[in-house]
Structure formats: structure tokens, C-alpha cells
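Trainee: fold the following, please.
(one chain, ligands or ions: 1)
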Amino acid sequence: MFNSNFEPRTSNLELWGDFVQIDVFTLFPEMFSGPFDTSIIKKAREKRLLSVDLINIRDFSRNKHHTVDDTPYGGGAGMVMGADAIFEAADRLRDRRGGIGRFVYMSPAGVPLHQGMVRDFSSESHLVILCGHYEGVDQRVRDRLVTDEVSIGDYVLTGGELPAMVLVDAVARLIPGVLGEAASAEEDSFSDGLLEYPHYTRPRVYRGMEVPEVLLNGHHEQIRLWRRRQSLLQTLASRPELLAGAPLADEDRVILKQAVIDLEKLGLPEEIGKKQKRRKEGNPESRIQNPE
Ligand code: 21W
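Mentor: Numbering: from 1, shown residues only. Down below sits the predicted model:
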């Protein structure tokens, strides 16, 4: 189970090679038990490649009712996480670990997480992750302790716990030995910056839906070309902005040009534009007409 009172696995993190220590500062440690006790993260912890310790910030509050929130100076709605309990917890952690590595504050105002940042974090031997709550933390925590401020996207959640789990999961799978040999080799083929091609497994026909013929005929070059084309088309459809950053071969450009020509023949780009407009402005057909 978790080790909430910072019992160190070792006093010298360097002994461990690819071992990563992650300390999570949270008001809700119980939220983490499911995800970190399941599947790949559980195995990584059992294999001693990863240790995740949960630190309940409330344990470091020094006021009577162990509260950690307070009203904001200057007034306004909502509460602020005070600096004291967080600094106290960080001081204790620094003593136990012999230092502190990157200190990541999960915050809706952070930099949106991407795989490059995950790679960077996974090369560290020690991460501290602070989960925000209420309106956020006292600015002095950000000014003095925080080294990285990370969001997981432009939508509003109730706290930083789920984002912290997302970050831990993304970091964990990049620690050497956490994923199997095959899966980690596959990671390399994704780093070509495109979305995935469709996958199929048995049966060959399911509810009348057939597996594409090309995947059954054993022509490896044809299969490679089909998959590449599917990756390019999927990327064009869902994430066209990725194509600008992806290393494309002449062969890829031919495929994309043909796809755009085909779409124009169908009049589709215009249709997509109209749908986008209707989504943004509301469908004129469904709106009650304003008399004036
Ligand atoms: C939501 C905290 C809203 C603070 C402007 C001024 C961590 C998160 C979170 C939360 C507010 C992440 C306001 C994506 C997220 C997180 C809780 C501030 C009022 N607006 N990534 N004051 N989305 N969310 N709201 O919500 O802590 S990483």
C-alpha cells in the first residue's frame, strides 16, 4: 500500500537507476487508491521502478481544526489554499529525501501537458506533484516552491487530483521496464507525430463488418502503405494541425494531396465549414425567431 508518512525506500535515490519517486501533495489521498493499485502502475510499483507516496497536506496544518483553506486577501468569492501547510510538508519531504526535484503544480492556469513534457518529467528521479483545490494556492507557493505549472487541457475540473493521476500514468509508462519490450518499441513508431491507423483482431467478420482485405493477404509492403495512408487520413480528419509538425515523406504528400482532391470533389470542405458555423452560432432552423 501507500506510504503516507514518507518512509523512504532508500536514502539514496541515485542507487536505483531508472527508479522514479513521485510524491503527491493532496487534500484527498483516498482518491488515488484505485488507479495506482491497478494494472500497469501497480506492476511498476511492485517491480520497484516507481514509488508513489501520498502526502495529506492537511496533516501539516498547524491550526486547531487542521484547515488548509482561507479567505482571499482583497476579498472576492471562494477560498485559497494557504502557504503554511504546503511549505511545512515540503520541508519535511526535503529532509526525508535529501532534497526535492521538480515541483509540479497541477493548475488550470498551467502549460497544457504534452508528450514532450511527459518525456522530460520521466527522466527525473524525483517529482513532487501538488494538487490544487478551491480557487488555487497562495501565490507564494508558486513563487518559491513550484518549478512547473501544468494543466491537462482547457476544461474545468473540481481539483488537481485527476490531472495528477494523468501525469503519473503518462510518466510511469515511459520508465524503462514498465511496459513490455513490444509496447515500448511501438512507442517509437508513434513518435512520427501522426494518429494511429485502425486495428482489427478476430473474427474476420463481425456483425457483417469485414476486416479490410489488405490486412489478410500477407503483403507486408501493401499493409505498410495502407496503414500509413490510414494514419495520414485519420490525422487530416481529426488533428490536421499535427501534419505541420510531422516528418512527411514525398509518398505521404502524394497521399494527402489526393485526399484533399477527393474531398473537394465531394464538396466536403465547404460542408464541414457550414457545420462548424452551425455549431458555433446555433442552428438557424432550431432557433426561435426574434421578432424585430
Ligand atoms: C478549477 C481550480 C478552477 C481553480 C478564474 C479565476 C488542475 C485542472 C486543475 C480548479 C479554478 C487542470 C476562477 C485542466 C483543471 C484544477 C480545479 C479557478 C475560478 N477562474 N487541468 N478564478 N483543468 N482544477 N476557477 O481544472 O485544479 S490541472
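Trainee: so what's residue 41 up against?
Mentor: Contacts for residue 41 (C-beta atoms under 8 Å, 6 or more residues apart in numbering) come out as 35, 50, 52, 168-169, 172. Every C-beta, even on glycine, is put in place using the N, C-alpha and C of the backbone.
Trainee: farthest pair in the residues you listed?
Mentor: Maximum pairwise distance among the contacts of residue 41 (C-beta to C-beta): 12.8 Å, between 35 and 50.
Trainee: quick revisit: so which of the contacts of residue 41 is the most crowded?
Mentor: Neighbour tally across these (other C-beta atoms under 10 Å): the maximum, 26 neighbours, falls on residue 50.
Trainee: who are the contact partners of that one?
Mentor: 19-20, 22, 41, 44, 172, 175, 178.
Trainee: just the ones of the contacts of residue 41 in helices?
Mentor: Mapping the contacts of residue 41 onto helices (DSSP state H) picks out 35, 168-169, 172.
Trainee: which one among the residues you listed gets closest to the ligand?
Mentor: residue 168 (12.9 Å; C-beta to the nearest ligand atom).
Trainee: which residue ranges form the strands in the stretch 1-150 of the chain?
Mentor: Using DSSP state E, counting those that start in this stretch, the strands assigned to the stretch 1-150 of the chain run over residues 20-26, 50-56, 69-70, 80-81, 102-112, 126-131, 148-151.
Trainee: could you export stretch 84-98 as CSV, CA atoms only?
Mentor: Taking Å, rounded to 0.1, in the frame of the first residue of the first chain, the C-alpha atoms of stretch 84-98 are listed here in CSV:
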residue,chain,number,x,y,z
ASP,A,84,1.9,27.2,5.5
ALA,A,85,0.9,23.5,5.4
ILE,A,86,2.4,23.2,1.9
PHE,A,87,5.7,24.7,2.9
GLU,A,88,5.8,22.6,6.0
ALA,A,89,5.1,19.4,4.1
ALA,A,90,7.8,20.4,1.6
ASP,A,91,10.3,21.0,4.4
ARG,A,92,9.6,17.5,5.8
LEU,A,93,9.9,15.9,2.4
ARG,A,94,13.2,17.7,1.7
ASP,A,95,14.6,16.3,5.0
ARG,A,96,13.5,12.8,4.2
ARG,A,97,14.5,12.7,0.6
GLY,A,98,17.7,14.7,1.0
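Trainee: good, wrapping up.
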